[in-house]
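Colleague: Below are the sequence and a predicted model for it; my questions follow.
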Amino acid sequence: MTADEWSAAGIPLPDEQPETLLMTDAALGWIAEHTTLDVENPQGLPASAKLFVLKYLEVMQLSAGVTAETIGGGAGTNLSQSFDTASKSDLLAQYAAELLGTNLKADVHFVSAKGRWRPCR
């Protein structure tokens, strides 16, 4: 879809860069995989899902790892680094729970038979 088509669907993109369009398509893929919402017609998505698409773009544009470095001069040279410890998948899960709540598919966890019979300690 083009930026104009996204805008017509009620999802104003921050820019028209190809990367942004790809990430927006990926957001729809995420919604299709993890929710019960029909993404065939983005215009028909609820406002919360449209907001999730914009939050998905924000999260995907975050840089991971070192976010700032400082080198101080003087007698005792100081080196400092700041790290971003937030996981993109954790942020997406948080936004999904807040915005898509009742439409999220239930998480299914499998426990192997061997793990089920392990003695408790």
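Modeller: Nice, I can see it. Residues are numbered from 1 along each chain as shown.

Colleague: Low-confidence stretches in this protein?
Modeller: Residues of the chain meeting the criterion pLDDT under 70: 64-67, 72-77, 81, 83-86, 108-121.

Colleague: any idea where the strands of it begin and end?
Modeller: 65-72, 78-84 (DSSP state E).

Colleague: Helices along the chain, start to end?
Modeller: Using DSSP state H, the helices of the chain run over residues 3-8, 18-34, 47-60, 88-100, 113-116.

Colleague: Pipe those helices into CSV and attach mean neighbour count and distance to residue 79 per row.
Modeller: For glycine as for every other residue, the C-beta is placed from the backbone atoms N, C-alpha and C. Below are the helices of the chain laid out as CSV (neighbours: other Cβ atoms under 10 Å; distance: least, Cβ to Cβ, whole Å):
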stretch, mean neighbour count, distance to residue 79
helix 3-8, 14, 43
helix 18-34, 16, 33
helix 47-60, 18, 29
helix 88-100, 15, 27
helix 113-116, 7, 45
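
Colleague: now the residue positioned nearest the centre of the chain: how far from residue 100?
Modeller: Compute the mean C-alpha point of the chain, and by Cα atoms, centre = their mean the closest residue is residue 92, 3.3 Å away. As defined by Cβ to Cβ, to the nearest Å, residue 92 lies at a distance of 10 Å from residue 100.

Colleague: same question, residue 62
Modeller: 20 Å.

Colleague: Same check on residue 8?
Modeller: Residue 8 sits 22 Å away from residue 100, going by Cβ to Cβ.

Colleague: same question, residue 18
Modeller: With Cβ to Cβ as the criterion, residue 18 and residue 100 are 26 Å apart.

Colleague: Neighbours of residue 36, how many?
Modeller: 11 (other Cβ atoms under 10 Å).

Colleague: same question, the one 4 residues further on
Modeller: Residue 40 is surrounded by 9 other residues when neighbours are defined as other Cβ under 10 Å.

Colleague: that older thread, ok now do the closest residue in space to the residue nearest to the centre of the chain that isn't next to it in sequence, which residues does it touch?
Modeller: Of all residues not flanking residue 92 in the chain, residue 59 sits nearest, at 5.7 Å (Cβ to Cβ, 6 or more residues apart in numbering). Contacts for residue 59 (Cβ atoms under 8 Å, 6 or more residues apart in numbering) come out as 88, 91, 92, 95.

Colleague: No more questions from me, cheers.
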